[in-house]
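> predicted model follows, preceded by the sequence.
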Amino acid sequence: MRYFKREIYLRKIRGFYDDTDLIKVVTGVRRCGKSSLMATIADELRDRGVNPDHVVFLDLDRRPYRNVKTPDRLESLIAEKTPPTGTTYLFIDEVQNVKGFEEVVNAFRAEGRHSIFLTGSNSYLLSGELVTKLTGRYVEFEMFPLTFDEWIGMKRFFGKTVSPSAVEEFDHFLRDGGFPKTVQYDALEDKRAYVRGVVSEIFEKDVRRRAKIRHVDAFRRVQTYLVNNFGALTSLPNLLAALEKSGTRMKLDTLERYVRILVDAKILCECERFDLKSRRSIHGERKYYLSDLGFYFAANTDNRVHYGPVLENAVYVYARSRGRAASVGRIGSLECDFILRRGEEGYAYVQVCMTMMASRETEDREYAPLEAIRDNYPKYVLTRNDPIQSRNGILHRNLPEFMRDGNIF
């Protein structure tokens with residue numbers, strides 16, 4: 001079976017294929033494509049000439065490995081599958097199914113002849129024992145559902161029709177969401193049903209079993225509130241007050257735990273505020289974006305696209321998939337939608353809006369935060385479908401074409 005190649009992730013990982021000292025850990029929300037990415041890497045190794053017997057793939061969610069639940073059983077299985085000589089490329093999918101897997105994996109890493117790849121569906125994989133025992137011995141690759149350019153590529157891969165209009169296709173993408181499996185369904189209701197199933201799976205496997213939620217109804221109200229208000233500035237005390245007003249009472253530390261569970265399960269992504277003058281994070285208010293917009297549309301009967309938060313969410317996920325760290329920016333009394341940190345390249349600044357054509361006041365409002373920034377890093381205004389304009393060196397781009405062409409901030 002051949003897989004659609006997620007090049008934005010493969011490019012990040014290829015340099016580590018033969019590294020037997022660093023464990024490669026792929027994290028991401030359930031059903032975003034981690035298993036297919038691992039299978040693609042295994043195919044590339046075999047295509048490169050690696051003996052198939054030296055490519056060992058263990059999917060612990062599937063038969064015949066579903067009963068592998070203990071470290072001893074995992075160790076025996078790996079030893080049984082490993083050839084006596086040469087480098088073994090070891091892939092373990094959903095490794096968190098084995099409690100105490102860390103010592104086993106580390107022991108095989110220490111032998112120096114296993115290039116190890118792990119996947120996990122939540123942040124628990126990179127908590128506790130793995131971090132403690134493998135500090136400096138692993139590298140994480142965070143994976144997201146499909147971005148717009150990948151979504152078009154996968155549609156073509158499966159022989160689906162792609163509209164010649166980037167804007168029309170982009171609107172479909174926003175409503176459908178980016179889970180790879182949804183591309184194979186034609187009916188919108190089938191896509192929504194699939195995403196609702198993903199939500200149920202996450203709740204059962206990553207929340208109920210692992211986090212042991214006692215007050216399920218209260219937890220679901222927190223989840224519903226944050227999903228329905230993605231992209232809004234939120235503080236925990238204000239969120240607590242809003243929940244109490246609707247009849248849901250809980251302690252602040254309980255609310256904080258529930259929000260952390262949703263972030264750890266990678267339903268939500270936490271985006272802090274950053275002050276450009278002090279170059280420090282601002283504690284308190286922050287925004288929560290969805291790892292996939294399908295979570296919102298599958299939970300609501302309203303199919304209208306509220307472009308403000310939806311476009312912001314799409315930009316956030318797109319930037320993160322390209323390895324950019326993202327914060328909400330404050331410049332004095334002005335707010336910048338995103339400050340993107342680009343490693344040694346510095347920063348990029350981004351404003352997102354549906355259109356600037358409504359009025360001159362709208363245009364001025366979008367440009368003002370960027371014009372207040374005095375450094376020379378790139379500055380962008382991103383819209384849905386406006387005539388491209390130029391103003392004070394700020395780059396104006398339309399999102400459908402920008403994302404379709406795989407541009408990087």
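Received it, and whenever you're ready, just let me know what you need.
> can you read off the backbone torsions of Asp93?
Dihedral angles of Asp93 (phi, psi; degrees, to the nearest 10) stand at phi -90, psi 130.
> shouldn't it be in contact with Arg66?
No. Asp93 is beyond contact range of Arg66, at 11.7 Å (criterion: CB atoms under 8 Å). For every residue, glycine as well, the C-beta is placed using N, CA and C.
> which secondary structure element contains the closest residue to Met250 other than its chain neighbours?
Once flanking residues are discounted, Met250 sits nearest to Ala218: 5.7 Å by CB to CB, 6 or more residues apart in numbering. For Ala218, the element it lies in under DSSP states H and E is helix 216-228.
> quick check, distance from that helix to the centre of its chain.
Its chain's C-alpha centre and that of helix 216-228 lie 20 Å apart, by CA atoms, centre = their mean, to the nearest Å.
> where in the stretch 101-250 of the chain is pLDDT low?
121-131, 133, 135 (pLDDT under 70).
> got the contact list for the residue nearest to Met250?
By CB atoms under 8 Å, 6 or more residues apart in numbering, the contact set of Ala218 is 248, 250, 254, 258.
> now with 10 Å?
By CB atoms under 10 Å, 6 or more residues apart in numbering, Ala218 lies in contact with 243, 248-250, 254-255, 258.
> what does Ala372 give?
276, 331-334, 336.
> try it again at 6 Å.
331, 334 (CB atoms under 6 Å, 6 or more residues apart in numbering).
> quick check: closest non-adjacent residue to Arg14.
Glu44 (7.9 Å).
> quick one, strands of the chain?
For the chain, the strands defined by DSSP state E occupy 23-27, 55-59, 88-93, 114-120, 138-142, 233-234, 268-275, 280-290, 325-331, 334-341, 347-352, 379-383, 390-391, 394-398.
> just want the angle from the first one to strand 138-142.
With axes from the mean of the first three to the mean of the last three CA atoms, to 10 degrees as the basis, strand 23-27 and strand 138-142 are set at 20 degrees to each other.
> ditto for the longest one
Computed by the same axes, to 10 degrees, the angle separating strand 280-290 from strand 138-142 equals 60 degrees.
> outside of strand 280-290, which residues touch it?
226, 230-231, 233, 235, 268-269, 271-275, 313, 316, 328.
> who wins for neighbours among those?
Neighbour tally across those (other CB atoms under 10 Å): the maximum, 27 neighbours, falls on Tyr316.
> what residues are up against that one?
Applying CB under 6 Å, 6+ apart, one finds that Tyr316 lies in contact with 289, 326.
> let's see 8 Å
Tyr316 touches 269, 271, 289, 326, 338, counting by CB under 8 Å, 6+ apart.
> kindly report the same for Val68.
Val68 touches 58, 60, 74, 77, 97-98, counting by CB under 8 Å, 6+ apart.
> okay if I get those residues as a markdown table plus pLDDT, neighbour count and distance to Glu169?
As requested, those are exported to a markdown table (pLDDT from 0 to 100; neighbours: other CB atoms under 10 Å; distance: CB to CB, whole Å):
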| residue | pLDDT | neighbour count | distance to Glu169 |
| --- | --- | --- | --- |
| Leu58 | 95 | 18 | 38 |
| Leu60 | 91 | 20 | 37 |
| Leu74 | 97 | 23 | 44 |
| Leu77 | 96 | 19 | 44 |
| Asn97 | 86 | 18 | 38 |
| Val98 | 90 | 22 | 42 |
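> any chance of those in JSON lines, plus distance to Val195?
Putting the contacts of Val68 into JSON lines (distance: CB to CB, whole Å) gives the following:
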{"residue": "Leu58", "distance to Val195": "28"}
{"residue": "Leu60", "distance to Val195": "24"}
{"residue": "Leu74", "distance to Val195": "32"}
{"residue": "Leu77", "distance to Val195": "33"}
{"residue": "Asn97", "distance to Val195": "23"}
{"residue": "Val98", "distance to Val195": "28"}
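> from those, pick the one nearest Arg360.
Asn97 (57.8 Å; CB to CB).
> show me what contacts that closest one?
Counting by CB under 8 Å, 6+ apart, Asn97 makes contact with 60-61, 68-69.
> what does Ser390 give?
His396.
> how close does it get to Thr383?
To Thr383, Ser390 is 14 Å away according to CB to CB, to the nearest Å.
> what is in contact with these two at once?
Counting by CB under 8 Å, 6+ apart, the residues touching both Ser390 and Thr383 are His396.
> before we move on, back to that, make JSON lines from the contacts of Tyr316 and add distance to Ile282 to it.
What follows is those, written out as JSON lines (distance: CB to CB, whole Å):
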{"residue": "Cys269", "distance to Ile282": "17"}
{"residue": "Cys271", "distance to Ile282": "12"}
{"residue": "Tyr289", "distance to Ile282": "17"}
{"residue": "Ala326", "distance to Ile282": "14"}
{"residue": "Phe338", "distance to Ile282": "14"}
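> just checking, Thr147 touches Gly177?
No. The criterion here is CB under 8 Å, and Thr147 misses it with Gly177 at 11.4 Å.
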